[in-house]
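[1] sequence unknown, structure follows:
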Ligand SMILES: CC(=O)SCCNC(=O)CCNC(=O)[C@H](O)C(C)(C)COP(=O)(O)OP(=O)(O)OC[C@H]1O[C@@H](n2cnc3c(N)ncnc32)[C@H](O)[C@@H]1OP(=O)(O)O
Ligand SMILES: O=C(O)CCC(=O)C(=O)O
């Protein structure tokens, strides 16, 4: 792997924690994408694929949403997956009861802690502490794995944040969440915040990063380097507004760029990405890192020539690793090697001196706004076959 990535990565000191893990929230925050509503079967299919991928924790849903939501969560629990199942809960006993009814392993209790959230909910800092600690105790007494999420943590007063997380730690929560609810922190801000919190917080720290400024993945990596050890992700990065840290981008950046292999079956990534695309009807952008249709597609002649000689000239890792395939296409930017390769692919014999003419037609066809698929290419070369 290391020949294909920059040697300078290793020169930079990267002290990741040893126990990094992923909790995938495609079925909860991902489903909160406006317009998305996954049915029971769809949720189960996605959960099964996440399990096959070996994702350790699946946030299966938010039980108070509806009876159908509860049923979907129960179905996932009943499937007996290896992945642990968790839910989201408000600081309300009825939400904990709903999670218990679903039979999940754990729940994340969230409550707004920033000034803007407190003002909107008309709660003081003390009231928020009392309310959340009561519910944490209740959930723990009932045997749940419990996470405590300070919603809007990244815009919350640091002393208050330390106080509420410390209280939660004393109540024996299993982890605290730094929720960057509106994607308002920078990677440097995240580093500072995690380091500050690590002075007091010794349990797992989970990062829930939103992508409003395209920083979700960087913020997650920065938080891990500063001492957090769990990241919440979604397939294709779906979720509220600009979405969450994309599972595929984080896992592959850790695996390829930082050489931290979390042991996932990454060759299933493309399949799960397409499944989520199909069920949510949220189309994957063609240039979406890792899973986009263009990620291993090459048209430019110099690139096609290079890739045919050695794929790593223009690819940082092999498409197979994520279940993708390499695709060489023809167009305005093609060169003669691409034409020859296509002719070889179809077993068509053409005289060498005709290649420049064919290339010229390919370029003109593309410049006239046409996609050159295999059939159009075969039509173009037809008349040269017997010359
Ligand atoms: C940052 C996040 O992603 S948080 C998760 C967001 N996800 C969702 O909202 C999931 C979909 N939501 C729903 O189906 C509905 O909103 C429900 C079923 C959860 C609640 O519906 P309703 O009871 O009708 O309440 P509604 O949505 O109108 O308002 C939210 C209520 O929850 C309260 N609330 C919000 N967060 C919390 C919390 N962490 N703990 C306790 N109460 C909370 C609000 O103050 C408000 O209460 P109010 O009615 O006393 O003013
Ligand atoms: O931290 C979490 O897992 C829940 C909070 C959340 O979804 C958010 O603040 O965006």
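    Structure's in. What do you need? None of these values were measured; they are calculated from a predicted model. Residues are numbered from 1 along each chain as shown. Ligands and ions are numbered 1, 2, ... in the order given.

[2] my read is that residue 62 contacts residue 88, right?
    Yes - with contact defined as Cβ atoms under 8 Å, residue 62 and residue 88 form a contacting pair (4.4 Å). C-beta: built from backbone N, CA, C; applies to glycine.

[3] between these two, which contacts overlap?
    residue 28 (Cβ atoms under 8 Å, 6 or more residues apart in numbering).

[4] in the stretch 1-150 of the chain, what residue comes closest to ligand 1?
    Scanning the stretch 1-150 of the chain for proximity to ligand 1 using Cβ to the nearest ligand atom identifies residue 90 as nearest, at 3.3 Å.

[5] need the contact partners of stretch 329-343.
    For stretch 329-343, the surrounding residues in contact (Cβ under 8 Å, 6+ apart) are 297-302, 304-305, 308, 328, 349-350, 355-356, 358-359, 362-363, 366-367, 371-372, 374, 377, 381.

[6] which of those are buried?
    297-301, 304-305, 308, 328, 350, 355, 358-359, 362-363, 366, 372, 377, 381 (16 or more other Cβ atoms under 10 Å).

[7] and stretch 360-378, how far out from the chain middle?
    Here stretch 360-378 shows a centroid-to-chain-centroid distance of 36 Å under the convention Cα atoms, centre = their mean, to the nearest Å.

[8] what does that stretch contact?
    Here stretch 360-378 makes contact (Cβ under 8 Å, 6+ apart) with 329, 330, 331, 332, 334, 339, 342, 346, 348, 380.

[9] go with 6 Å
    Stretch 360-378 has contacts (Cβ atoms under 6 Å, 6 or more residues apart in numbering) with 330, 331, 332, 334, 342, 380.

[10] do stretch 48-67 as well
    The contact list for stretch 48-67 (Cβ under 6 Å, 6+ apart) reads 21-25, 27-28, 47, 69-70, 73, 76, 81-88, 95, 98-99, 102, 264-265, 268, 272.

[11] partner strands of the helix or strand hosting residue 232, parallel or antiparallel?
    Using DSSP states H and E, the element containing residue 232 is strand 230-233. Note on strand 230-233: by DSSP bridges, its sheet partners are strand 21-24 (parallel), strand 204-209 (parallel).

[12] quick one on the thing from earlier: give me the subset of the contacts of stretch 360-378 lying in strands.
    In strands, judged by DSSP state E, none of those are found.

[13] what does the protein put close to ligand 2?
    Residues of the chain lying close to ligand 2 (Cβ under 6 Å from any ligand atom) are 29, 88, 108, 110, 149, 151, 177, 179, 181, 208, 210, 232.

[14] element containing the second one, please.
    What it means is residue 88. Using DSSP H and E, residue 88 falls within strand 84-90.
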